[in-house]
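K.L.:
have a look; sequence and predicted model below, questions after that.
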Amino acid sequence: MTYVIYAKVLPHGDAQKEKRNMKIAVTSENRQVFQHFGHTEQFEIYTVQNGGITDRTLVHTDGSGHGALAGFLTAHGVDTLICGGIGDGARQALAGAGIRLFGGVTGGTEDAVRALLSGSLRYDENVRCGHHEHHGPCGEHGCGEHGCGEHGCGE
């Protein structure tokens, strides 16, 4: 008898241990994953214990943006972030704060958290958002509305 075991390993450690107790922030706008990390005005923060969601809190950034958001998330005890587009500066700030990143995500915020917990979250570990070159979700939200070049996702 042959057994085939399929495992999806999350980055940064043992998947089972990581999923038991977590604090997951999701960039949010109308319960959808907001597509521009540096301009997010609110996060939904999910507390996960023993692999299940035990709490959801909506927190406002009060004007914090880009790299400052890593400190904001750390202050809220977040260890994992789900978002759409994100720039290199913010990626570095999150990495420096020890926050795991799952970028390039679209759809409902709670659906994304549940998908992460089940190991089925579709994300792009290489998602980037920059001044003039937009790929994936950040470009989809219409950077022209900000006057591309004015905002600089990665700053």
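P.N.:
All right, it came through fine. These numbers were taken from a predicted model, which means no experiment stands behind them. Residues are numbered from 1 along each chain as shown.
K.L.:
any regions of the chain where pLDDT drops low?
P.N.:
Counting by pLDDT under 70, the chain shows low-confidence ranges at 1-19, 65-67, 130-155.
K.L.:
can you give me the strands for it?
P.N.:
Ranges of strands within the chain are 22-29, 32-33, 42-49, 52-60, 80-82, 100-102, based on DSSP state E.
K.L.:
so which of those strands comes closest to Leu117?
P.N.:
Put simply, out of these the one that sits nearest Leu117 is strand 42-49, at 6.7 Å, with distance taken as CB to CB. (Each C-beta comes from the backbone N, C-alpha and C, glycine too.)
K.L.:
can you verify my assumption that Phe102 contacts Tyr123?
P.N.:
Yes - taking contacts as CB atoms under 8 Å, Phe102 lies within contact range of Tyr123: 4.3 Å.
K.L.:
the more surrounded of the two?
P.N.:
Comparing Phe102 with Tyr123 by other CB atoms under 10 Å, the one with more neighbours is Phe102, at 23 against 19.
K.L.:
quick revisit: dump the strands of the chain into CSV; add distance to Ala115 as well.
P.N.:
CSV is the format used below for the strands of the chain (distance: least, CB to CB, whole Å):
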stretch, distance to Ala115
strand 22-29, 11
strand 32-33, 11
strand 42-49, 12
strand 52-60, 12
strand 80-82, 9
strand 100-102, 9
